[in-house]
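A.B. asks: Give me the fold of what follows.
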Amino acid sequence: MGSYRLLLAMLVAISHMGVMFVGFNPGVVAVVSFLIISGFVMTPLIDRSYNVPGKIGLFYLDRLLRLYPQFLLYFVLSCAVIHFLLPGTPQAAALTIENIATSLPIVPLGFYMFGITVPEILPPGWSLGLEMCFYLLIPFLILYKARGIAFAVSVTVFLVASLGYVNTDIYGYRLLPGVLFIFLCGSYLYHAQAKGLWVASITTVVAAIMFLAIVVGFIPRRPFNAEVTLGIVLGVPAVHVLSRLKHHWMDEFLGNISYGVFLNHFVVMYVLRAFWPVEYSALMITLVLVLSLALSGLSYYCVERPALKLRHALRAGAKREIAQIPVGRTPA
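C.D. replies: The predicted structure is shown next:
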């Protein structure tokens, strides 16, 4: 699934350079697949390494070690590039002590629409805030078998938002209540028993019907309701099929550099904008992607891999402690 993740990151990047596919934003479609993948991956991680309440804190530490090192690197780089190369821009105006302080914990970035922080320093960071909110909740949903209730509530919020009764962009794409069911589709795909596959399949069919209804105008087109439903239609079967392919080192490598591409393409765009303030032609888009890939490779080996060793040690320690818990006892 690594090559698929890299493709998704590149789709997010080109969407930020103004590329649209037949009127649809490919970045939003890609983000929906990322949500599905996250739900799919978090489920076995919790099952295998953090499957008792006393280990939830270690799960949070694991996730911080996953997201934070490269986020911090590219956030600092973005601040430096904006300060030295883009004075007088909206990005420079966002470069305040308050915005930096509220952006660094990541979670507030997911609530930028309420004025908590400003996302212009590293715009993809808002979705990391959403991801962190999911991480905070998913251990409880799995350990206390509450996924079904959460799924139903989230679907309700999404439908209300998609039909325009509340802000479609905020509650149908940006905030966890409206997209939690998308994460949980991935979780159900991992537990690919009859119930899980049924839930994921019915969700995909309903999303396909909604997408067609939006395209033909039966449901009014609102910010990203078409892209989110299309993302579900494409993402659920893609994750289901790709998760069954055999492991390959090249696929793993491509997946390893996908997170860096997702984060750093704006840093590359900021640098290029300072020297070549032109519209994004095919050549410029290609240049951004090539530089982003190269920079991501460096950051993976220099920043991500050391953190990866810590995560593996953390999981191994958690597994040993769980194995030592006597049967019938629950750790404090």
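A.B. asks: what does stretch 256-275 contact?
C.D. replies: Stretch 256-275 has contacts (Cβ atoms under 8 Å, 6 or more residues apart in numbering) with 2, 5-6, 8-10, 12-13, 16-17, 70-71, 74, 77-78, 81-82, 85-86, 91, 122-125, 284, 287-289, 291-293, 295-297, 299-300, 304. (Glycine included, C-beta is placed from N, CA and C.)
A.B. asks: redo that, cut-off 7 Å
C.D. replies: 2, 5-6, 9-10, 12-13, 16, 70-71, 74, 77-78, 81-82, 85-86, 91, 122-124, 284, 288, 291-293, 295-297, 299-300 (Cβ atoms under 7 Å, 6 or more residues apart in numbering).
A.B. asks: next one: stretch 221-230
C.D. replies: With contacts defined as Cβ under 7 Å, 6+ apart, stretch 221-230 is touched by 24-25, 28-29, 32, 162, 164, 168-169, 172-173, 207, 210-211, 214-215.
A.B. asks: and the two most separated of the residues you listed?
C.D. replies: Between any two of the contacts of stretch 221-230, the greatest separation by Cβ to Cβ is 20.5 Å, found for 29 and 164.
A.B. asks: Of those two, which one has the most company?
C.D. replies: residue 29 (25 against 14; other Cβ atoms under 10 Å).
A.B. asks: pLDDT score for that one?
C.D. replies: On the pLDDT scale, residue 29 is placed at 98.
A.B. asks: Chain neighbours aside, what residue packs nearest to it?
C.D. replies: Nearest-residue entry for residue 29: residue 231, 4.3 Å, with adjacent residues in sequence omitted and distances by Cβ to Cβ, 6 or more residues apart in numbering.
A.B. asks: what's the helix or strand for that neighbour?
C.D. replies: When elements are assigned from DSSP states H and E, residue 231 belongs to helix 225-242.
A.B. asks: right, and the helix or strand after that helix?
C.D. replies: helix 249-275.
A.B. asks: What angle do helix 225-242 and that following helix make with each other?
C.D. replies: 150 degrees (axes from the mean of the first three to the mean of the last three Cα atoms, to 10 degrees).
A.B. asks: buried ones in the following helix or strand past helix 249-275?
C.D. replies: Next in sequence after helix 249-275, counting helices and strands by DSSP H and E, comes helix 282-299. For helix 282-299, the buried set under the neighbour-count rule, 16 or more other Cβ atoms under 10 Å, comprises 284, 285, 288, 289, 291, 292, 293, 295, 296, 299.
A.B. asks: Would you reformat those as JSON lines and include distance to residue 199 and pLDDT?
C.D. replies: Below are the buried residues of helix 282-299 laid out as JSON lines (distance: Cβ to Cβ, whole Å; pLDDT from 0 to 100):
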{"residue": "284", "distance to residue 199": "43", "pLDDT": "94"}
{"residue": "285", "distance to residue 199": "38", "pLDDT": "96"}
{"residue": "288", "distance to residue 199": "38", "pLDDT": "97"}
{"residue": "289", "distance to residue 199": "36", "pLDDT": "97"}
{"residue": "291", "distance to residue 199": "41", "pLDDT": "97"}
{"residue": "292", "distance to residue 199": "36", "pLDDT": "98"}
{"residue": "293", "distance to residue 199": "36", "pLDDT": "98"}
{"residue": "295", "distance to residue 199": "39", "pLDDT": "97"}
{"residue": "296", "distance to residue 199": "34", "pLDDT": "97"}
{"residue": "299", "distance to residue 199": "37", "pLDDT": "96"}
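A.B. asks: which of these lies closest to residue 64?
C.D. replies: Closest approach between the buried residues of helix 282-299 and residue 64, by Cβ to Cβ: residue 299, at 16.9 Å.
A.B. asks: isn't the closest one right up against residue 76?
C.D. replies: No - the pair residue 299 / residue 76 is not scored as a contact, 11.7 Å apart, by Cβ atoms under 7 Å.
A.B. asks: Please, where are all the strands along the stretch 51-200 of the chain?
C.D. replies: With DSSP state E, counting those that start in this stretch, there are no strands along the stretch 51-200 of the chain.
A.B. asks: any chance of the buried residues of helix 282-299 in JSON lines, with distance to residue 117 too?
C.D. replies: What follows is these, written out as JSON lines (distance: Cβ to Cβ, whole Å):
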{"residue": "284", "distance to residue 117": "29"}
{"residue": "285", "distance to residue 117": "29"}
{"residue": "288", "distance to residue 117": "25"}
{"residue": "289", "distance to residue 117": "28"}
{"residue": "291", "distance to residue 117": "27"}
{"residue": "292", "distance to residue 117": "24"}
{"residue": "293", "distance to residue 117": "29"}
{"residue": "295", "distance to residue 117": "25"}
{"residue": "296", "distance to residue 117": "25"}
{"residue": "299", "distance to residue 117": "23"}
